[in-house]
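# Any chance you can model this:
(one chain, ligands or ions: 1)
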Amino acid sequence: MTEKCGLVAVIGAPNAGKSTLVNALVGQKVAITSAKAQTTRARLMGIALKDDVQIILADTPGIFAPRRRLDRAMVAAAWEGAQEADAILLVVDAVKQRRHELEPLLETLKGRSERKLLVLNKVDASAKEPLLALAEDLTGKAAFDEVFFVSALSGDGVPELKQRLADLMPEGPWHYPEEQVSDASERLLACEITREQLYQQLHDELPYDTAVRPESYTQRKDGSVEVRQQIVVARDSQKAIVLGKRGAKIRAIGEAARKELAEILGQKVHLFLHVKVEENWAEARDIYEEIGLDWVK
Ligand SMILES: Nc1nc2c(ncn2[C@@H]2O[C@H](COP(=O)(O)OP(=O)(O)OP(=O)(O)O)[C@@H](O)[C@H]2O)c(=O)[nH]1
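Below is the predicted model:
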């Protein structure tokens, strides 16, 4: 059998379901998802296998009008992920399309020569007829080669999309070993999992200006792993929120993150979280590298 291997860039407005789709294509959790926009910061890759084909998915942050430096770094990472891809997937939330964020994306896509696939997601929550009209409308705007209707959540339409992606990948040796599902280092993945818990457990109380920084990641002799992370916030008042009453919040966050990480790694995990106040962290260069982004001026 000839091996095939290719890169698929996954782009879309915030909250379109990109991470959920990457996880569904890979068949296990590699990117974090949440109901909050802009959950995905670093460019995580998922690696899906279909028979003799390795499909490398660049899971990009939602692309939107960047204002702050952090936002600009996210956008730069997103477009970097879209370069030299064998196919570009535009994921659109069929229910809430976020037109103001989608339109500039369609405009840019119009001029791209890669194969362009439109994925209308969340069909489980949408009526059929508007879907067809939407597909036609968007295809007219960016000349998509193909349209797929999927529910990343329920898995509807995902096998068909995966098969098609596999067919589109060029011949070539695999880039990653068979058992690898993500290129994010485990250290960074562990931070993403903690960040996901912060979003889930703090809801609207949590400002976007929060980062999780890896401090250390040590394999212990007894087969367990010791993970130390810093939760960076901008103000003392935010620190109090993250800690909760007598530290109850941070304990709950740490406990849930530890459990999830242990499950993903198949290893016992000791997780230590520290909260640190750093007023201008979003302007500090070193933290970008630590959370997997390039510094953008
Ligand atoms: N009903 C429904 N909800 C979905 C589907 N796919 C994703 N969602 C939900 O939509 C929300 C956003 O999903 P994500 O996968 O985090 O979206 P994203 O595009 O990666 O978001 P960013 O990280 O902000 O760029 C989550 O609450 C998902 O559970 C779907 O097929 N149907």
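# now the strands for the stretch 151-297 of the chain?
211-219, 225-233, 269-277 (DSSP state E, counting those that start in this stretch).
# quick one: strands adjacent to the first one?
The one in question is strand 211-219. strand 225-233 (antiparallel) (DSSP bridges).
# Let me know the angle separating the partner strand from strand 269-277.
20 degrees (axes from the mean of the first three to the mean of the last three CA atoms, to 10 degrees).
# Just put the strands of the stretch 151-297 of the chain in a markdown table and tack on distance to the ligand and mean pLDDT.
The C-beta positions use only the backbone N, C-alpha and C, and glycine is treated the same way. Listed next are the strands of the stretch 151-297 of the chain as a markdown table, based on distance: least, CB to the nearest ligand atom, whole Å; pLDDT from 0 to 100:
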| stretch | distance to the ligand | mean pLDDT |
| --- | --- | --- |
| strand 211-219 | 15 | 83 |
| strand 225-233 | 19 | 91 |
| strand 269-277 | 22 | 93 |
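# Among the ones you listed, show me which one is buried the most.
strand 225-233 (a mean of 21; mean count of other CB atoms under 10 Å).
# can you give me the offset of it from its chain's centre?
The chain centre lies 20 Å from the centre of strand 225-233; the measure is CA atoms, centre = their mean, to the nearest Å.
# Using PDB, write out the CA atom coordinates for that strand.
Taking C-alpha atoms only, strand 225-233 is exported to PDB below (Å, rounded to 0.1, in the frame of the first residue of the first chain):
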ATOM      1  CA  VAL A 225       3.900  12.600  36.100                       C
ATOM      2  CA  GLU A 226       4.300  15.700  38.200                       C
ATOM      3  CA  VAL A 227       2.900  18.900  36.500                       C
ATOM      4  CA  ARG A 228       3.400  22.400  37.800                       C
ATOM      5  CA  GLN A 229       1.600  25.300  36.200                       C
ATOM      6  CA  GLN A 230       1.100  29.000  36.800                       C
ATOM      7  CA  ILE A 231      -2.300  30.600  36.200                       C
ATOM      8  CA  VAL A 232      -1.500  34.200  35.200                       C
ATOM      9  CA  VAL A 233      -4.100  36.900  35.800                       C
END
